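Chemist: coords below, sequence missing:
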Ligand SMILES: Cc1cn([C@H]2C[C@H](O)[C@@H](COP(=O)(O)OP(=O)(O)O[C@H]3O[C@H](C)C(=O)[C@H](O)[C@H]3O)O2)c(=O)[nH]c1=O
(Lines give C-alpha, C1' and ligand atoms only; values in the text may rest on other atoms or scores of the structure.)
Protein backbone atom coordinates (compact mmCIF):
# COMPACT_ATOMS: atom_id res chain seq x y z
CA UNK A 1 0.00 0.00 0.00
CA UNK A 2 1.40 3.40 -1.01
CA UNK A 3 1.85 5.84 1.85
CA UNK A 4 0.24 9.15 1.14
CA UNK A 5 1.82 12.31 2.52
CA UNK A 6 -0.38 15.39 2.26
CA UNK A 7 1.05 18.80 1.61
CA UNK A 8 0.20 21.41 4.21
CA UNK A 9 -2.50 23.86 3.20
CA UNK A 10 -1.37 27.44 2.63
CA UNK A 11 -1.34 29.24 5.93
CA UNK A 12 -0.79 32.72 7.26
CA UNK A 13 2.40 33.06 9.25
CA UNK A 14 3.86 35.58 11.63
CA UNK A 15 6.22 38.04 9.93
CA UNK A 16 9.05 40.01 11.44
CA UNK A 17 8.58 43.76 11.69
CA UNK A 18 11.16 46.47 12.10
CA UNK A 19 11.14 48.35 15.39
CA UNK A 20 12.00 52.04 15.28
CA UNK A 21 10.92 53.19 18.74
CA UNK A 22 13.89 53.54 21.08
CA UNK A 23 16.50 52.90 18.39
CA UNK A 24 18.91 55.74 19.05
CA UNK A 25 22.14 54.36 17.55
CA UNK A 26 22.71 54.83 13.84
CA UNK A 27 22.78 51.48 11.99
CA UNK A 28 21.32 49.38 14.80
CA UNK A 29 18.31 47.43 13.55
CA UNK A 30 15.77 45.62 15.69
CA UNK A 31 13.32 43.22 14.04
CA UNK A 32 10.49 41.91 16.17
CA UNK A 33 10.17 38.18 15.44
CA UNK A 34 6.70 36.70 15.32
CA UNK A 35 6.28 33.20 16.80
CA UNK A 36 4.06 30.69 15.00
CA UNK A 37 2.52 28.78 17.88
CA UNK A 38 0.36 25.68 18.00
CA UNK A 39 -0.28 22.84 20.37
CA UNK A 40 3.23 21.43 19.80
CA UNK A 41 5.10 24.58 20.74
CA UNK A 42 6.24 27.45 18.55
CA UNK A 43 8.38 28.07 15.51
CA UNK A 44 10.15 31.38 14.93
CA UNK A 45 11.85 32.29 11.66
CA UNK A 46 15.23 33.82 12.51
CA UNK A 47 16.14 35.17 9.08
CA UNK A 48 14.65 34.85 5.61
CA UNK A 49 15.05 36.44 2.19
CA UNK A 50 11.32 36.03 1.53
CA UNK A 51 10.67 39.69 2.18
CA UNK A 52 13.85 41.13 0.68
CA UNK A 53 17.59 40.75 0.51
CA UNK A 54 19.64 39.72 3.50
CA UNK A 55 23.39 39.39 3.66
CA UNK A 56 24.45 35.76 3.19
CA UNK A 57 24.58 33.39 6.12
CA UNK A 58 28.26 32.50 6.51
CA UNK A 59 28.56 31.49 10.15
CA UNK A 60 25.96 30.61 12.78
CA UNK A 61 26.44 29.70 16.40
CA UNK A 62 24.48 29.19 19.57
CA UNK A 63 25.57 30.66 22.88
CA UNK A 64 24.41 29.02 26.10
CA UNK A 65 24.23 31.81 28.65
CA UNK A 66 24.26 30.94 32.32
CA UNK A 67 21.75 32.73 34.53
CA UNK A 68 23.19 36.11 35.51
CA UNK A 69 26.09 35.91 33.04
CA UNK A 70 27.42 38.91 31.15
CA UNK A 71 29.21 38.87 27.79
CA UNK A 72 30.79 42.20 26.99
CA UNK A 73 31.72 44.86 26.61
CA UNK A 74 32.90 43.82 23.19
CA UNK A 75 32.97 45.36 19.75
CA UNK A 76 33.83 44.03 16.32
CA UNK A 77 35.93 45.87 13.74
CA UNK A 78 34.63 44.13 10.65
CA UNK A 79 31.54 42.05 11.26
CA UNK A 80 27.94 42.95 11.89
CA UNK A 81 26.34 40.82 14.57
CA UNK A 82 22.87 39.44 13.85
CA UNK A 83 21.69 38.16 17.19
CA UNK A 84 18.42 36.32 17.74
CA UNK A 85 16.92 36.32 21.24
CA UNK A 86 13.85 34.10 21.44
CA UNK A 87 14.20 32.35 24.79
CA UNK A 88 14.69 33.38 28.40
CA UNK A 89 15.25 37.01 29.32
CA UNK A 90 18.14 39.20 28.21
CA UNK A 91 19.23 42.77 28.55
CA UNK A 92 21.44 44.02 25.73
CA UNK A 93 23.42 47.20 26.33
CA UNK A 94 24.82 49.16 23.38
CA UNK A 95 27.06 52.20 23.21
CA UNK A 96 28.09 54.00 20.05
CA UNK A 97 31.86 54.56 20.34
CA UNK A 98 32.40 55.27 16.62
CA UNK A 99 34.41 58.33 15.76
CA UNK A 100 32.41 60.50 13.39
CA UNK A 101 29.12 58.71 14.01
CA UNK A 102 26.07 60.98 14.07
CA UNK A 103 24.99 59.15 17.23
CA UNK A 104 28.40 58.86 18.93
CA UNK A 105 27.96 58.47 22.69
CA UNK A 106 24.35 57.25 22.40
CA UNK A 107 23.36 54.31 24.56
CA UNK A 108 20.57 51.79 24.26
CA UNK A 109 19.28 49.08 26.58
CA UNK A 110 17.08 46.46 24.95
CA UNK A 111 15.05 43.81 26.74
CA UNK A 112 14.58 40.68 24.68
CA UNK A 113 13.81 36.99 24.94
CA UNK A 114 10.76 34.79 25.12
CA UNK A 115 8.39 37.64 25.92
CA UNK A 116 9.96 39.91 23.29
CA UNK A 117 11.66 37.86 20.57
CA UNK A 118 13.91 39.93 18.34
CA UNK A 119 16.72 39.86 15.83
CA UNK A 120 19.28 42.57 16.53
CA UNK A 121 21.79 43.87 14.00
CA UNK A 122 24.81 45.57 15.54
CA UNK A 123 27.26 47.44 13.27
CA UNK A 124 31.04 47.28 13.73
CA UNK A 125 32.49 49.57 16.41
CA UNK A 126 29.27 49.63 18.41
CA UNK A 127 30.17 48.25 21.84
CA UNK A 128 27.72 45.80 23.33
CA UNK A 129 27.14 43.61 26.35
CA UNK A 130 24.60 40.80 26.67
CA UNK A 131 23.33 40.04 30.17
CA UNK A 132 21.17 37.05 30.96
CA UNK A 133 18.63 38.36 33.48
CA UNK A 134 16.62 35.13 33.47
CA UNK A 135 17.33 31.40 33.74
CA UNK A 136 20.13 29.64 31.85
CA UNK A 137 19.16 29.60 28.19
CA UNK A 138 20.62 30.32 24.77
CA UNK A 139 20.74 32.85 21.97
CA UNK A 140 21.88 32.61 18.36
CA UNK A 141 24.36 34.73 16.42
CA UNK A 142 24.53 34.85 12.62
CA UNK A 143 27.41 37.30 12.11
CA UNK A 144 28.27 38.54 8.64
CA UNK A 145 31.81 37.13 8.82
CA UNK A 146 33.35 33.78 9.65
CA UNK A 147 35.06 33.56 13.04
CA UNK A 148 38.82 33.35 12.56
CA UNK A 149 40.44 31.86 15.68
CA UNK A 150 43.86 33.13 14.51
CA UNK A 151 42.62 36.69 14.21
CA UNK A 152 39.42 37.04 16.27
CA UNK A 153 37.33 40.07 15.46
CA UNK A 154 36.77 40.71 19.18
CA UNK A 155 37.89 43.76 21.09
CA UNK A 156 37.02 43.63 24.74
CA UNK A 157 36.67 46.04 27.58
CA UNK A 158 36.02 44.63 31.03
CA UNK A 159 34.87 47.75 32.90
CA UNK A 160 31.47 48.47 34.37
CA UNK A 161 28.39 48.93 32.24
CA UNK A 162 28.23 52.58 33.23
CA UNK A 163 31.78 53.73 32.53
CA UNK A 164 32.14 52.99 28.85
CA UNK A 165 31.87 56.67 28.03
CA UNK A 166 35.46 56.99 29.23
CA UNK A 167 36.81 54.49 26.70
CA UNK A 168 38.71 56.15 23.83
CA UNK A 169 37.10 55.93 20.44
CA UNK A 170 37.84 52.78 18.46
C1 LIG B 1 32.56 33.54 18.15
C2 LIG B 1 33.15 32.15 18.24
C3 LIG B 1 33.85 31.74 19.34
N4 LIG B 1 34.35 30.50 19.41
C5 LIG B 1 35.03 30.05 20.63
C6 LIG B 1 36.13 30.97 21.15
C7 LIG B 1 36.03 30.82 22.66
O8 LIG B 1 36.80 29.70 23.02
C9 LIG B 1 34.56 30.47 22.91
C10 LIG B 1 33.74 31.66 23.40
O11 LIG B 1 33.83 32.68 22.42
P12 LIG B 1 33.91 34.22 22.80
O13 LIG B 1 34.71 34.37 24.03
O14 LIG B 1 34.36 34.97 21.61
O15 LIG B 1 32.40 34.55 23.09
P16 LIG B 1 31.83 35.84 23.79
O17 LIG B 1 32.87 36.74 24.26
O18 LIG B 1 30.86 35.37 24.78
O19 LIG B 1 31.07 36.61 22.64
C20 LIG B 1 29.74 36.38 22.30
O21 LIG B 1 28.86 37.27 22.93
C22 LIG B 1 29.10 38.63 22.62
C23 LIG B 1 28.05 39.45 23.27
C24 LIG B 1 29.22 38.93 21.17
O25 LIG B 1 28.89 39.97 20.70
C26 LIG B 1 29.93 37.95 20.37
O27 LIG B 1 29.67 38.14 18.99
C28 LIG B 1 29.60 36.58 20.79
O29 LIG B 1 30.49 35.73 20.16
O30 LIG B 1 34.04 29.97 21.67
C31 LIG B 1 34.20 29.59 18.40
O32 LIG B 1 34.66 28.44 18.48
N33 LIG B 1 33.54 29.99 17.27
C34 LIG B 1 32.98 31.22 17.16
O35 LIG B 1 32.35 31.51 16.14
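Modeler: Now that the structure is in, tell me what you want to look at. It should be emphasised that the depicted structure is a prediction, and the values quoted were computed from it without experimental measurement.
Chemist: need the residue closest to the centroid of this protein.
Modeler: Nearest to the geometric centre of the chain sits residue 83, at 2.0 Å (Cα atoms, centre = their mean).
Chemist: show me what that one is bridged to.
Modeler: residue 120, residue 141 (DSSP bridges).
Chemist: now do it against residue 2, distance only.
Modeler: 46 Å (Cβ to Cβ, to the nearest Å). Every C-beta, even on glycine, is put in place using the N, C-alpha and C of the backbone.
Chemist: OK, contacts around whichever residue of the chain sits closest to the ligand?
Modeler: Of all residues in the chain, residue 147 sits closest to the ligand, at 3.1 Å by Cβ to the nearest ligand atom. Applying Cβ atoms under 8 Å, 6 or more residues apart in numbering, we find residue 147 in contact with 59, 61, 153.
Chemist: tell me the confidence at it?
Modeler: Per-residue pLDDT puts residue 147 at 98.
Chemist: helix or strand for it, which one?
Modeler: For residue 147, there is no host helix or strand (DSSP states H and E).
Chemist: can you give me the strands for this structure?
Modeler: 17-19, 29-32, 36-38, 41-43, 61-65, 70-75, 81-85, 89-96, 107-113, 118-122, 126-132, 137-141, 155-156 (DSSP state E).
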